[in-house]
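Chemist: Sequence and predicted structure below; questions after.
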Amino acid sequence: MDEATVRRVARLARLEMSDEEVARLVPQLGNIMTFVEQLGEVDTDAVEPLASVADIDLRLREDTVTDGGIANDVLANAPEDMEGFFVVPKVVE
């Protein structure tokens with residue numbers, strides 16, 4: 001990783017960086033890239049892809065449509081309601 005590459009990445013990310021920041025990031029980004037290259041050397045052919053790192057089954061609930069049972073509590077927050085609905089100003093002419 002060199003300064004020109006760090007400046008190019010910063011420009012692509014729309015980041016403004018001083019010369020000191022660029023000089024500080026060159027070795028840090030170089031270390032990150034070295035670590036990523038090491039990960040590429042790991043043999044993962046026999047590893048099954050995971051959706052989650054925790055091997056647990058999620059409890060599923062029945063998929064039913066409800067109004068939550070608290071319509072009156074929700075409407076209590078409305079400045080104005082009519083027949084169980086919020087009253088809002090007309091926005092289409």
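Modeler: Thanks, I have it.

Chemist: Which secondary structure element of this protein has the lowest mean pLDDT?
Modeler: The helix or strand of the chain with the poorest confidence is helix 71-75; it has a mean of 87 (mean pLDDT, DSSP states H and E).

Chemist: From the contact counts, what lies against that one?
Modeler: For helix 71-75, there is no helix or strand it packs on, judged by 3 or more C-beta pairs under 8 Å, 6 or more residues apart in numbering; DSSP states H and E. (Glycine included, C-beta is placed from N, CA and C.)

Chemist: export it as CSV, just CAs?
Modeler: C-alpha atoms of helix 71-75 as CSV (Å, rounded to 0.1, in the frame of the first residue of the first chain):
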residue,chain,number,x,y,z
ALA,A,71,-56.2,0.9,18.2
ASN,A,72,-57.8,3.1,20.8
ASP,A,73,-54.4,3.6,22.5
VAL,A,74,-52.8,4.6,19.2
LEU,A,75,-55.6,7.0,18.3
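
Chemist: In a helix, Thr34, correct?
Modeler: Yes - with DSSP: H, G, I helix; E, B strand; the rest coil as the criterion, Thr34 is located in a helix.

Chemist: Name the residues that touch the least confident helix or strand of the chain?
Modeler: Contact with helix 71-75 is made by 68, 81, 84, 86, as judged by C-beta atoms under 8 Å, 6 or more residues apart in numbering.
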